[in-house]
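Asker: sequence first, predicted coordinates after that:
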Amino acid sequence: MKRRTRTMIFQVLALVLVAALLAGCGGQQIAGTEKPAEEEKVLNVFNWSEYMPQSVIDKFTAETGIKVNYSTYSSQEEMLAKLQAAPGSYDLCVASDYMVEVMTKQGLLEPLKLDKIPNFNNVDPLYRNPPYDPENKYTVPYMWGTVGIAINTDRVKRPVTSWQDLWDPAFAGKIVMLNDARYCIGATLKSLGYSCNETSPEALAKAKNKLQELIPKVKAFDSDSPKTLLLNGEAVIGLMWNGETALAQKENPAIKYIYPKEGAIRWQDNMAIPKGAKHPENAMKFMNFILRGDIGKEIAEAYPYASPNAETIKMLPAETRDNPASYAPEAELKKGEFLKDVGEATPEIERIWTEVKS
């Protein structure tokens, strides 16, 4: 009888203990089953200036409720410096080909989850898996294009076919150039018969001397809106982005884009998530939104660089697709080359640029 009583007492105590444990757990989830906290509805974007329509940003916010804080830079080096100085300040940045190389080597980018960016399937295979980011581990493409020469044919009557033509004394004081060391030094190297990525001391010394001849003849250095000087008549020739030239053509059809015979400098801009980003999920939602065909069309019509989005290309009018200022002919693409990370030569290139402009 006592044994049975003791057994009943233990059973009651066990039930009480279980009830107490359940009560103590309340609404808590069992360890390992917690749902990830939803990110706040904010996205901090860092991009080139004059490169994304406000209407696109507004549509993203309207569809998702995510507020976009949009900041701009004027060069890849400026972007890199700010990301290094303030980790976690931005959730999405736009980085050019060679800069992606630099940033991945420095561990400055977060890996992407492409399954959360299904519209990546819209990207033309030509612009996937680039050499600087095989398998698109860190980036998805935004836009692509070239750096070449723009002229006002109303005021430039002689043929322009070479990078060397920028040194023609007739253009002194009427030249606009991108405020960018890699593109300007790269074009100078190509005018001398070198690759735009050449880093030998001999080649860089020649490029420095040649640039020193040109700098006094340059009216202005402008990476934000170099087309402005062509349109207001202060410049008649320029070292220009292709899309800036296409924009200028809308206001003045006499503006023409030239692919130098030595080859243009190609580029591809890419969306990436900086290391330490506070809102990476929102960043991938934004990437997926940008890669929609209709959104790509809106961007390409506002800023007529070349779109890597196959669905967007189908939607664009023929006059846009066939404009060589936007979409380089295949033969010109074969002659062109991309900038690459030049590693230990980077400080020397920056020093040359600082000295020739001072």
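Answerer: Thanks, I have it.
Asker: contacts, neighbours, all on C-alpha from now
Answerer: OK.
Asker: residue ranges with poor pLDDT in the stretch 101-250 of the chain?
Answerer: Applying pLDDT under 70 to the stretch 101-250 of the chain picks out no residues at all.
Asker: and the strands in it?
Answerer: Secondary structure of the stretch 101-250 of the chain (DSSP state E, counting those that start in this stretch): strands at 139-152, 175-177, 218-221, 237-241.
Asker: to G65, which of those lies closest?
Answerer: strand 139-152 (22.5 Å; Cα to Cα).
Asker: let me see the contact set for the residue lying closest to A302 once chain neighbours are set aside.
Answerer: Closest residue to A302 apart from its sequence neighbours, by Cα to Cα, 6 or more residues apart in numbering: P53 at 6.6 Å. Residues in contact with P53, defined by Cα atoms under 8 Å, 6 or more residues apart in numbering, are 298-299, 302.
Asker: and those, which is closest to L230?
Answerer: Using Cα to Cα, A302 is the member of the contacts of P53 that lies nearest L230, at 18.9 Å.
Asker: now do that closest one against G238, distance only.
Answerer: A302 sits at a distance of 22 Å from G238 (criterion: Cα to Cα, to the nearest Å).
Asker: likewise for M52?
Answerer: Look at M52 and G238: by Cα to Cα, they are 23 Å apart.
Asker: more neighbours, those two?
Answerer: Of the pair M52 and G238, G238 is the one with more neighbours under other Cα atoms under 10 Å, namely 28 against 17.
Asker: nearest residue to that one other than its sequence neighbours?
Answerer: Once flanking residues are discounted, G238 sits nearest to V176: 4.6 Å by Cα to Cα, 6+ apart.
Asker: with K67 instead?
Answerer: Closest residue to K67 apart from its sequence neighbours, by Cα to Cα, 6+ apart: V42 at 4.8 Å.
Asker: also W163?
Answerer: Nearest non-adjacent residue to W163, counting by Cα to Cα, 6+ apart: S191, 5.3 Å away.
Asker: what's the neighbour count on K250?
Answerer: Around K250 there are 10 other residues, counting by other Cα under 10 Å.
Asker: any idea how far it is from E319?
Answerer: Where E319 is concerned, K250 sits at a distance of 12 Å (Cα to Cα).
Asker: how about the helices in the stretch 51-200 of the chain?
Answerer: Assigned by DSSP state H, counting those that start in this stretch, the helices in the stretch 51-200 of the chain fall at 54-64, 76-85, 97-105, 181-191.
Asker: of all those helices, which one is nearest A203?
Answerer: helix 181-191 (7.2 Å).
Asker: now do that closest one against helix 76-85, angle only.
Answerer: Interaxial angle, helix 181-191 versus helix 76-85 (axes from the mean of the first three to the mean of the last three Cα atoms, to 10 degrees): 140 degrees.
Asker: per-domain residue ranges of this structure.
Answerer: Under the assignment automatic domain parsing, the domains of the chain span 42-144+268-327, 145-266+337-357.
Asker: show me the contact partners of stretch 55-68.
Answerer: 41-45, 282, 286, 289, 295, 298-299.
Asker: and it, C-alpha only, in CSV?
Answerer: Extracted C-alpha coordinates of stretch 55-68, given in CSV (Å, rounded to 0.1, in the frame of the first residue of the first chain):
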residue,chain,number,x,y,z
SER,A,55,11.0,56.9,-60.4
VAL,A,56,12.6,53.4,-60.1
ILE,A,57,13.4,54.0,-56.5
ASP,A,58,9.9,55.3,-55.8
LYS,A,59,8.4,52.2,-57.4
PHE,A,60,10.5,49.9,-55.2
THR,A,61,9.4,51.7,-52.1
ALA,A,62,5.8,51.7,-53.1
GLU,A,63,5.9,47.9,-53.8
THR,A,64,7.9,46.8,-50.8
GLY,A,65,7.5,49.5,-48.2
ILE,A,66,11.3,49.7,-48.0
LYS,A,67,12.7,53.3,-47.7
VAL,A,68,15.8,53.8,-49.9
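Asker: buried set for it?
Answerer: For stretch 55-68, the neighbour count (16 or more other Cα atoms under 10 Å) marks 56-57, 60-61, 66-68 as buried.
Asker: kindly reformat the residues you listed as a markdown table containing pLDDT and distance to L204.
Answerer: Formatted as a markdown table, those follow (pLDDT from 0 to 100; distance: Cα to Cα, whole Å):
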| residue | pLDDT | distance to L204 |
| --- | --- | --- |
| V56 | 98 | 42 |
| I57 | 98 | 42 |
| F60 | 98 | 45 |
| T61 | 98 | 47 |
| I66 | 98 | 47 |
| K67 | 98 | 46 |
| V68 | 98 | 42 |
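Asker: I237: how many residues sit nearby?
Answerer: When counting by other Cα under 10 Å, one arrives at 30 neighbours for I237.
Asker: where do the strands of the stretch 251-358 of the chain begin and end?
Answerer: 255-258, 265-272, 337-338.
Asker: to P141, which of those strands lies closest?
Answerer: Among the strands of the stretch 251-358 of the chain, strand 265-272 comes nearest to P141, with 4.2 Å by Cα to Cα.
Asker: ok, now how distant is the residue nearest to A302 from I299?
Answerer: Distance, P53 to I299, using Cα to Cα: 6 Å.
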